[in-house]
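> Need a 3D model of the following:
(2 chains)
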Amino acid sequence: MAQHENLSVVLYKKHDLRLEKRPVPEPGPKEVLLKIDSVGICGSDVHYWQNGGIGDFVLKQPMVLGHEASGTVLKVGSGVQHLQAGDRVAIEPGIPREIDEYCRTGRYNLSPTIFFSATPPDDGNLCRYNTHDASYCYKLPESVSFEEGALIEPLSVAIHACRRGGVTIGSKVFILGAGPIGLVNLLVSKAMGASQIVICDLSPNRLEKAKQMGASVTVTVERSVGAKELGQKVKQALGGAMPDISIECTGAEFCVQAGVFATKSGGVLVLVGMGKSSTNIPVLDLIIREIDIRAVFRYCNTWPVAVDMLASKKIDVKPLVTHRFPLEEALEAFETTKKGVGIKVMLKCDPNNQDP
Amino acid sequence: MALARPLINGDNLVVVVSGSGDIKLESRPIPEPGAGEVLLKMHSVGICGTDVHFWQHGRIGDYVVKKPLVLGHEASGTVHKLGTGVQNLKVGDRVTIEPGVPREFCEFSKIGRYNLSPTLFFSSIPPDDGALGRYYVHNANFCFKLPECVSYEEGALTEPLSVAIHACRRGGLRMGQKVLIFGAGPIGLMHLLVAKSMGANPIAIIDMVQERLDMAKCMGASITCKMEKNTCPREMASKVKAALCDMPDVTLECTGAEQCLQTAIHATKPGGVLVLIGLGNACATAPMITATIRELDIRGVFRYTNTWPTAINLMASKMVDVKPMITHRFPLDQAIEAFEFVKKGTGLKVIVQCEEPEGAQKEQQQMKTLEQCQQQCQQLLQQCQQQCQQLQKEQKDHCGRVGGGGRS
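Numbering: from 1, shown residues only, chains lettered A, B, ... in the order given. Here you go, the predicted model:
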């Protein structure tokens, strides 16, 4: 391989996204060198591109984007036992740097010094070659495609959210937002045994997709409808019952409010979406009806479960991919994602393999 | 759980509000206990912020005073009479009452969360009358016996203690956890006592009033922090972190104030729990993105479930001492003054003593005796008059038979 064969999608600053050739890295101890195959574009990638930062995470130096990735092991660093060259893997982007109190209690996603692909200042996976901690690369069986492997990341958001929400057999679930995150929550809720899933969105097209992917009932949100009214509509959709668990996937204030009003007394509202720095919430209703709000941030301990669920065909994420672009057309891919026309836009990083 | 009770004559002095800002003492008949109920002779009733709110504003949220309402739900008394079917109590038992009684075994009751039952009876929440009077009827299953070592006054405080037990349980509080409490009023202090008894340490408490913080220190707070109206939430959170040498695992928000909610979110450790106890405005602005990035659990708590036995146990075993919370006492006939005093906010917990004072009882007894005498005299007089009339009639008849009236 030539030294600078590593075509990478690099964000220099807000609105300044470039394709450039970088050196191919060498795997350190306990790391592997991967030939990246498929990388999904996430809303956060687009957000960094458009705004240069998310909350306290601010871009200060050029950074490679992309954290929904899969690839093939090319080379293993010293001390790597469970992987060898040729293994197909999915990549977990969050790697704790130290075994702090959060790691010790199994919540390593909250570790403040965690490495996270494509969160400043850590480089992501939108490139031809990348190194990664071998413990955070999970073997994909032959029955699971590279694209499915890349989708394990958004699927993990949903597994973590549904676990935190306590979704289980017989749960009635209300999902706010039918974008990629809402849809993966739909798939996971179903797999966890939810008996009824109501999903809402502004877009009838997205709701159509949700219906195809297994939603029991869809509710189109009109802009004139108040948050309480939406709660009432959900109750009607469930035949007079209220959802045990609501999963808020939009970050919109209106949806957070509707989530509180819609949820049954004693139920749970899971906050997945991230919105403005300040949100107006109906606290009195929350308190009087003992609603639990459980916020989720990324995920922990989800990759093995996700691989199993995909391998056993209990969850089918393939319908989420609506657009594919070769890595060279990354800028066009980002523009397409920004327009919000499809669901998941996939970038194909291996010039020799453009298959799904 | 009968709602309408047949009434018998007697003197039940009660404290009533009508919703338009007035409060008065009223004399009502003593109620009769229905099936499964007991009639209690009330002893000690604490005044709660909720009582004051109904007096001043006539409503809290959707609960509106539409007809005269008897206040009081922090109460203890003595069993005076049993309704039919009551097995768990006998006359003379000293009890504390749990004010929330489910009217039906609904889906919430079935899972043990009867506090969320929409048709729950709750003493002193409109339209259900409370216990602030000489006598009160309550469901016998929701009256809990007080051991000898627990006073009636402590019995009255079982209710606010229960709020704290339920909140700390919902917060998943465990020994060794660091706790932050917002508010050092009666509710905040109860939470301090319970958190301590559950092994939390250190415990930091925040308030705007120095005297309250001083009291909190006496009652076992490790750290006290004074907050001003314009203190920046992030700054306050940093102060707490510095004082605790860490961020709290569990935060108990007892004020209902928006500023405190915001500070609480900034202060609580990632992965931690924020329990919302205080009721404030319908909506509040909060830094939810901070809550999200930290994976906070925010849990509302409403009243309590299954706390009375635990609360009584805590007081009986002396693990918790609620007595210092009682700062003032008023007899029932000075209840209005008691409420005026509570409204000022200077004391902590004010207890209304509901038993009739001994002197008044003697007087009443004497009055009854006099009445009975008068009645007896009246009856005797009537009897005498009847006998007189009878005698006069007999004499007339006799004279008629002997003397004749002109016939020879």
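
> who's in contact with whatever residue of chain B ends up closest to chain A?
For chain B, the residue closest to chain A is B:Gly300, as judged by CB to the nearest CB, at 3.6 Å. From N, CA and C alone the C-beta is placed, and that goes for glycine too. Contacts for B:Gly300 (CB atoms under 8 Å, 6 or more residues apart in numbering or on different chains) come out as A:Val283, A:Leu286, A:Ile287, A:Ile288, A:Arg289, A:Glu290, A:Ile291, A:Asp292, B:Leu276.

> The nearest residue to it once chain neighbours are set aside: what secondary structure?
Once flanking residues are discounted, B:Gly300 sits nearest to A:Ile287: 3.6 Å by CB to CB, 6 or more residues apart in numbering or on different chains. Classification of A:Ile287 by DSSP: H, G, I helix; E, B strand; the rest coil places it in helix.

> sorry, back to before: beta partners of the residue of chain B closest to chain A?
Taking DSSP bridges as the rule, B:Gly300 bridges to B:Leu276.

> ok so, going back, which of the contacts of B:Gly300 sits closest to A:Asn353?
Relative to A:Asn353, the closest of these is A:Asp292; by CB to CB it sits at 45.1 Å.

> Please look at the closest one and B:Leu296 and confirm they touch.
No. A:Asp292 is beyond contact range of B:Leu296, at 10.9 Å (criterion: CB atoms under 8 Å).

> For those two, indicate the residue with more neighbours.
More crowded of A:Asp292 and B:Leu296, by other CB atoms under 10 Å in any protein chain shown: B:Leu296, with 25 against 21.

> any idea how far the more buried one lies from B:Leu261?
Separation of B:Leu296 from B:Leu261 (CB to CB, to the nearest Å): 12 Å.

> Doesn't A:Gly86 lie inside a helix?
No. Using three-state DSSP, the secondary structure at A:Gly86 is coil, not a helix.

> Need phi/psi at it.
phi 100, psi -20 (degrees, to the nearest 10).

> who are the neighbours of the strand or helix carrying B:Lys241, in terms of helices and strands?
If you go by DSSP states H and E, B:Lys241 is part of helix B:233-244. Here helix B:233-244 touches strand B:203-207, strand B:223-226, helix B:258-267, going by 3 or more CB pairs under 8 Å, 6 or more residues apart in numbering or on different chains; DSSP states H and E.

> Let me know the angle separating the first one from helix B:233-244.
Orientation of strand B:203-207 against helix B:233-244 (axes from the mean of the first three to the mean of the last three CA atoms, to 10 degrees) gives an angle of 140 degrees.

> next one: strand B:203-207 to chain centre, how far?
Relative to the chain's own centre, strand B:203-207 is displaced by 26 Å; criterion: CA atoms, centre = their mean, to the nearest Å.

> the inter-axis angle of it versus helix B:258-267?
150 degrees.

> Which SSE is immediately downstream of strand B:203-207?
The first helix or strand that comes after strand B:203-207 along the chain, using DSSP H and E, is helix B:210-218.

> which parts of that following helix are buried?
Buried residues in helix B:210-218, counted by 16 or more other CB atoms under 10 Å in any protein chain shown: B:Arg212, B:Leu213, B:Met215, B:Ala216.

> For chain A, tell me which of these show up nearby.
Among the buried residues of helix B:210-218, proximity to chain A is found for none (CB under 8 Å from any CB of the partner chain).

> Any stretches of the chain with poor pLDDT?
Just so you know, I chose chain A. A:1-4 (pLDDT under 70).

> Chain B was what I was after
Residues of chain B meeting the criterion pLDDT under 70: B:1-10, B:359-371, B:402-408.

> ok, now which ones touch the closest residue to chain B within the stretch 51-200 of chain A?
Nearest residue of the stretch 51-200 of chain A to chain B, counting by CB to the nearest CB: A:Leu110, 4.3 Å away. The neighbours of A:Leu110, taking CB under 8 Å, 6+ apart as the test, are A:Tyr102, A:Phe297, B:Pro270, B:Gly271, B:Arg294, B:Glu295.

> okay, the helices and strands packed on helix B:233-244 in CSV with mean neighbour count next?
CSV is the format used below for the helices and strands packed on helix B:233-244 (neighbours: other CB atoms under 10 Å in any protein chain shown):
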stretch, mean neighbour count
strand B:203-207, 27
strand B:223-226, 18
helix B:258-267, 24
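
> Let's have those in CSV, adding distance to chain A.
Listed next are those as CSV, based on distance: least, CB to the nearest CB, whole Å:
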stretch, distance to chain A
strand B:203-207, 18
strand B:223-226, 21
helix B:258-267, 7
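
> Reformat the ones you listed as CSV; add distance to A:Ala215.
Formatted as CSV, these follow (distance: least, CB to CB, whole Å):
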stretch, distance to A:Ala215
strand B:203-207, 45
strand B:223-226, 48
helix B:258-267, 32
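
> closest to A:Leu34 out of the ones you listed?
Evaluated over the helices and strands packed on helix B:233-244, closeness to A:Leu34 peaks at helix B:258-267, with 38.7 Å, by CB to CB.

> So what pairs up with A:Leu17 in the strands?
A:Leu17 forms beta bridges with A:Leu11, as assigned by DSSP bridges.

> I'd say it and A:Val9 touch.
Yes. Assessed by CB under 8 Å, A:Leu17 is found in contact with A:Val9 at 6.6 Å.
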